[in-house]
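1. The sequence isn't on hand, but the structure is:
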């Protein structure tokens, strides 16, 4: 009888441990599944990060292009001023020649 009671107790413990083992396996499988989902999310985030890096690089290039355009606008403005001044000088010199020719007649 004592031996039978111990055997029953051992069987009960084995059943309990088997149940806990099954729960542990389910937990492990759930964690593995969550791990795979997390890995997919990490890959998505890496992809987004690369896109953001590309966008930041494009923003930098755009800023540089805008800066170049601004500098070229300044140069164009300066050249326009010089051209206008040169035209005024030419017109003045032509007028002077005309005046001097009129005076000499």
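-> On my side now, so go ahead. All values derive from a computational prediction rather than experimental measurement.
2. And residue 2, what's its pLDDT?
-> Here the pLDDT value assigned to residue 2 is 81.
3. So, low pLDDT: which residues of the chain?
-> Residues of the chain meeting the criterion pLDDT under 70: 103-105.
4. how does it look with 80?
-> Per-residue confidence for the chain (pLDDT under 80) gives these ranges: 1, 98-105.
5. For the spatially most central residue of it, what is the enclosing helix or strand?
-> Centroid check for the chain by CA atoms, centre = their mean gives residue 52 as the closest residue, at 1.8 Å. In this structure, residue 52 sits in helix 2-104 according to DSSP states H and E.
6. Counting neighbours, what do you get for residue 31?
-> Counted by other CB atoms under 10 Å, the residues lying close to residue 31 total 11. For glycine as for every other residue, the C-beta is placed from the backbone atoms N, C-alpha and C.
7. do you know how far it is from residue 44?
-> Shown here: residue 31 relative to residue 44, a distance of 20 Å by CB to CB, to the nearest Å.
8. Could you do residue 81 as well?
-> Summarising the geometry, the distance separating residue 81 from residue 44, computed by CB to CB, is 55 Å.
9. Kindly report the same for residue 60.
-> The separation that residue 60 has from residue 44, given CB to CB, amounts to 25 Å.
10. likewise residue 86?
-> Residue 86 sits 62 Å away from residue 44 when distances are taken as CB to CB.
11. and if you look at residue 67?
-> 35 Å.
12. Same question for residue 10.
-> With distances taken as CB to CB, residue 10 is found 50 Å from residue 44.
13. repeat for residue 82
-> Where residue 44 is concerned, residue 82 sits at a distance of 57 Å (CB to CB).
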